[in-house]
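Colleague: Here is my input, please return the structure:
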Amino acid sequence: MRLLFLGDVMGRSGRSAIAEHLPKLRAEWRLDFVVVNGENATNGMGLSGDHARLLFEAGADCVTLGDHAFDQKDMLQAIEADNRIIRPLNYAKTAPGRGYRLFEARGGRKVLVCQVLGQVFMKRAFDDPFSAVDQVLKAHPRGGLAQAVIVDMHCEATSEKMAMGHYCDGRASLVVGTHTHVPTGDAQILPKGTAYLTDAGMCGDYHSVIGMDTAEPMRRFVTGMTKGRFTPADGPATLSGVFVRTDDRSGAAEEVRMIRVGGRLQQATPDADPS
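Modeller: This next block holds a predicted model:
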């Protein structure tokens with residue numbers, strides 16, 4: 001199976017890049033399943049129902065969220081109405097929606113998508129992500145119920161993301177980190193066949209401070225004072241993420257490749273087949 005995971009979409013610039021590039025990538029790379037992390041797609045804080053629909057119309061099969069899952073209040077209803085939106089599994093037990101789902105990909109094949117929040121350096125203490133993901137993976141074995149298994153590890157610490165990768169090795173097809181908005185260069189296939197990348201980066205303007213216009217973050221770093229709100233940078237956005245090719249029988253990764261399309265960090269172009 002040919003899978004694409006795209007990192008955190010940042011504001012209008014990120015949404016525009018998804019709308020421009022993803023339909024072409026979907027067709028030209030013959031993608032079977034696409035996951036997009038959309039938790040910053042609306043003004044850099046959360047995701048609205050309307051913007052979720054835009055991501056799906058552009059070609060996403062699943063949209064994952066994160067610690068800003070419900071910053072946009074209409075997501076409380078939108079996530080109940082559309083089961084293609086996945087919130088963190090270890091979020092508040094009373095939160096609407098669900099943290100995993102078994103999807104149907106092209107050709108009737110099944111893809112499990114699961115998201116968990118890390119605990120290290122996060123603003124609030126979430127439930128243990130390792131025990132949460134363990135229960136889901138035991139119930140949906142890779143190569144059995146699911147031809148592919150994708151785990152979105154949404155957290156701050158690179159060490160915690162790496163630990164999750166090794167914890168899921170042999171049980172997931174891909175473990176990919178999100179949240180920090182900076183793409184890492186460590187794409188690899190772990191010993192038991194799990195593709196791993198510490199952070200997929202963001203789909204946004206990289207002439208920024210993790211996707212935000214530079215003025216307010218720099219003011220706060222330099223002076224310690226707040227003058228206004230953070231606003232997403234609105235220059236040309238780069239799509240950043242990871243491409244994975246898996247074996248349908250075992251669900252193991254056979255190829256993993258970091259992807260950069262458009263904007264300032266372009267590494268692959270829409271007419272470059274990553275096979």
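
Colleague: Name the SS class of the nearest residue to Val261 once chain neighbours are set aside, please.
Modeller: Leaving aside its sequence neighbours, Val261 sits nearest to Leu239 (CB to CB, 6 or more residues apart in numbering; 4.2 Å). The C-beta positions use only the backbone N, C-alpha and C, and glycine is treated the same way. The assignment at Leu239 comes out as strand when based on DSSP: H, G, I helix; E, B strand; the rest coil.

Colleague: How about Thr184?
Modeller: coil.

Colleague: Phi and psi next, for it.
Modeller: phi -100, psi 160 (degrees, to the nearest 10).

Colleague: can you tell me how far the nearest residue to it once chain neighbours are set aside sits from Met212?
Modeller: Closest residue to Thr184 apart from its sequence neighbours, by CB to CB, 6+ apart: Thr198 at 4.1 Å. In this view, Thr198 and Met212 are 21 Å apart by CB to CB, to the nearest Å.

Colleague: same deal with Ser13?
Modeller: From Ser13 to Met212 the distance is 11 Å (CB to CB).

Colleague: Give me the common contacts of these two.
Modeller: 232-233 (CB atoms under 8 Å, 6 or more residues apart in numbering).

Colleague: just checking, the residue nearest to Val261 touches Cys203?
Modeller: Yes. Shown here, Leu239 and Cys203 form a contact pair, counting by CB atoms under 8 Å, at 4.9 Å.

Colleague: Are there residues contacting both of the two? Which ones?
Modeller: 6, 17-18.

Colleague: is Thr178 in a bridge, and if so with what?
Modeller: Note on Thr178: beta-bridge partners by DSSP bridges are His154.

Colleague: give the contact list for it.
Modeller: Applying CB under 8 Å, 6+ apart, the residues near Thr178 are 7-8, 37, 39, 64, 66, 152-154, 199-200.

Colleague: show me where this structure has strands.
Modeller: 2-6, 8-9, 33-37, 62-64, 85-86, 100-104, 110-117, 148-154, 174-178, 188-189, 195-197, 202-203, 239-246, 253-261 (DSSP state E).

Colleague: and the ones you listed as a markdown table, adding distance to Asp50 and mean pLDDT?
Modeller: Below are the strands of the chain laid out as a markdown table (distance: least, CB to CB, whole Å; pLDDT from 0 to 100):
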| stretch | distance to Asp50 | mean pLDDT |
| --- | --- | --- |
| strand 2-6 | 19 | 98 |
| strand 8-9 | 14 | 98 |
| strand 33-37 | 15 | 98 |
| strand 62-64 | 13 | 98 |
| strand 85-86 | 13 | 98 |
| strand 100-104 | 21 | 97 |
| strand 110-117 | 21 | 97 |
| strand 148-154 | 22 | 98 |
| strand 174-178 | 22 | 98 |
| strand 188-189 | 37 | 98 |
| strand 195-197 | 30 | 98 |
| strand 202-203 | 17 | 97 |
| strand 239-246 | 21 | 97 |
| strand 253-261 | 24 | 96 |
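
Colleague: Let's have the ones you listed in JSON lines, adding distance to Arg229.
Modeller: Converted to JSON lines, these look like this (distance: least, CB to CB, whole Å):
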{"stretch": "strand 2-6", "distance to Arg229": "26"}
{"stretch": "strand 8-9", "distance to Arg229": "18"}
{"stretch": "strand 33-37", "distance to Arg229": "22"}
{"stretch": "strand 62-64", "distance to Arg229": "24"}
{"stretch": "strand 85-86", "distance to Arg229": "25"}
{"stretch": "strand 100-104", "distance to Arg229": "33"}
{"stretch": "strand 110-117", "distance to Arg229": "24"}
{"stretch": "strand 148-154", "distance to Arg229": "23"}
{"stretch": "strand 174-178", "distance to Arg229": "23"}
{"stretch": "strand 188-189", "distance to Arg229": "38"}
{"stretch": "strand 195-197", "distance to Arg229": "31"}
{"stretch": "strand 202-203", "distance to Arg229": "19"}
{"stretch": "strand 239-246", "distance to Arg229": "24"}
{"stretch": "strand 253-261", "distance to Arg229": "29"}
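
Colleague: right, so of those strands, which gets closest to Ala163?
Modeller: Among the strands of the chain, the nearest to Ala163 by CB to CB is strand 148-154 (9.1 Å).

Colleague: And the contacts of the helix or strand of the chain with the lowest mean pLDDT?
Modeller: In the chain, no helix or strand scores lower on mean pLDDT, DSSP states H and E than helix 215-223, which sits at a mean of 93. By CB under 8 Å, 6+ apart, the surrounding residues in contact with helix 215-223 are 209, 225-231.
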